[in-house]
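Chemist: Generate coordinates for the sequence data below:
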Amino acid sequence: MALDEILFAAEEGMDKALEFLKAEFRGVRTGRASPGLVDGLRVEVESYGSTMALRELANVGVAEGNVIVVKPFDPSTLKDIQRGIEKSGIGINPQNDGKVIRLPVPPLSGERRNQLVTQVSKAAEAQKVAVRNLRRDANKAIDAAQKAKAVTEDDAERSQEQVQKLTDEYVSKIDQLVTDKTKEIMEV
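Modeler: The predicted structure follows:
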């Protein structure tokens, strides 16, 4: 495997880890209503016989500032959607009026804010581990290429430095995401 390919694969994997973390953070509740809070919820629909993402079953929007409105495409899935939201553990009680489900987002308590910050930190740490694992894999591939005499020792060393710079860059991006999300959560 060429050094460029190894670096590209490592960067691509690190980018995926960062995107995954961003998606995770969209589902973390802050004091404001956001469709991202429930968009990705998995809902078991008995009539369809499968589990689907909420965004595949309904329009999700924000009304009146702090209320998320879920309007199913198929009215027969309303009860399944309500059940899925109740089981999700997001801490919001759905209000069903027969046509739409309203999710009033209450303000967060100080204790809940701290729990969410801890949750955000754990998710970020998991992605940092993923980035470091990608670094390890890239370095192993570089070492293997060097042992196979496919690259020189200087090229291998330079490539490992590039992998380390890439790792530092992505860890820094993850830290910045955590800082921004923590600030958003702690905002009253």
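
Chemist: Domain parsing of this structure, as residue ranges.
Modeler: Listed by automatic domain parsing, the domain ranges of the chain are 3-26+109-186, 35-104.

Chemist: measure the longest one end to end?
Modeler: For domain 3-26+109-186, the separation between the terminal residues is 44 Å (Cα to Cα, to the nearest Å).

Chemist: The shortest one now?
Modeler: Counting by Cα to Cα, the length from the leading to the trailing residue of domain 35-104 is 12 Å.

Chemist: Show me how far that domain is from its chain's centre.
Modeler: Domain 35-104 sits 19 Å away from the centroid of its parent chain (Cα atoms, centre = their mean, to the nearest Å).

Chemist: quick check: mean pLDDT across it?
Modeler: Mean pLDDT, domain 35-104: 82.

Chemist: ok, now how distant is the residue of the chain most remote from its centre from Q127?
Modeler: In the chain, the residue that sits farthest from the middle, by Cα atoms, centre = their mean, is K149; the gap is 40.2 Å. According to Cβ to Cβ, to the nearest Å, K149 stands 35 Å off from Q127. Placement of C-beta: from N, CA and C, glycine included.

Chemist: swap in P72?
Modeler: Applying Cβ to Cβ, the value for P72 to Q127 is 33 Å.

Chemist: Between those two, tell me which one has more neighbours.
Modeler: Legend: neighbour count by other Cβ atoms under 10 Å for P72 and Q127, higher for Q127 (24 against 21).

Chemist: for the chain, which helix is longest?
Modeler: helix 110-147 (DSSP state H).

Chemist: On the C-terminal side of that one, identify the next helix or strand.
Modeler: Of the helices and strands lying after helix 110-147 in sequence (DSSP states H and E), the nearest is helix 153-186.

Chemist: For the spatially most central residue of the chain, pull up the helix or strand it's in.
Modeler: When Cα atoms, centre = their mean is applied to the chain, the residue found nearest the centroid is E24 (2.0 Å). Element membership of E24, judged by DSSP H and E, is helix 3-26.
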